[in-house]
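# this one's structure only:
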């Protein structure tokens, strides 16, 4: 679902960013998103280990769960 929404938003911005946000869309300014593949690699290695170190972070929306993970890494 998230990937589909991101593709849709990218398509909208590529076609009409100047009208929507008041600036042109510049592909050279995109930030590559590598975290998802790195997390998948880590998870696969953890699951293959005899004693995997896994955790679950729960909380309300906007509690800072994502920042907690990035600060910990």
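That came through, no problem. Model, not experiment: these values are computed from the prediction.

# How many neighbouring residues does residue 50 have?
Number of residues near residue 50 (other Cβ atoms under 10 Å) recorded here: 4. C-beta here means a position set from N, CA and C on the backbone, and glycine is covered the same way.

# correction: residue 65
Residues near residue 65, counting by other Cβ under 10 Å, number 13.

# do the same with residue 55
Taking other Cβ under 10 Å as the neighbour definition, residue 55 ends up with a count of 7.

# try the one 5 residues further on
Look at residue 60: counted by other Cβ under 10 Å, it has 7 neighbours.

# what separates it from residue 71, distance-wise?
Per Cβ to Cβ, to the nearest Å, residue 60 is found 18 Å from residue 71.

# Next: residue 42.
Counting by Cβ to Cβ, the separation of residue 42 from residue 71 is 16 Å.

# Likewise for residue 28?
For residue 28, the distance to residue 71 equals 29 Å [Cβ to Cβ].

# ditto for residue 29
26 Å.

# what pLDDT does residue 29 get?
Residue 29 carries a pLDDT value of 72.

# right, I mislabeled it, should have said residue 32
Predicted confidence (pLDDT) for residue 32: 69.

# now swap in the one 3 residues further on and tell me
The predicted local distance difference test score for residue 35 is 77.

# Can you report phi and psi for it?
Listed backbone geometry of residue 35 is phi -60, psi -40, with angles given as degrees, to the nearest 10.

# so how far is the helix ranked longest in the chain off the chain centroid?
Under DSSP state H, the helix in the chain containing the largest number of residues is helix 2-21. The chain centre lies 16 Å from the centre of helix 2-21; the measure is Cα atoms, centre = their mean, to the nearest Å.

# hmm, back to that, pick out whichever of residue 42 and residue 71 has more residues nearby.
For residue 42 against residue 71, the residue with the higher neighbour count under other Cβ under 10 Å is residue 42, and the figures read 13 against 8.
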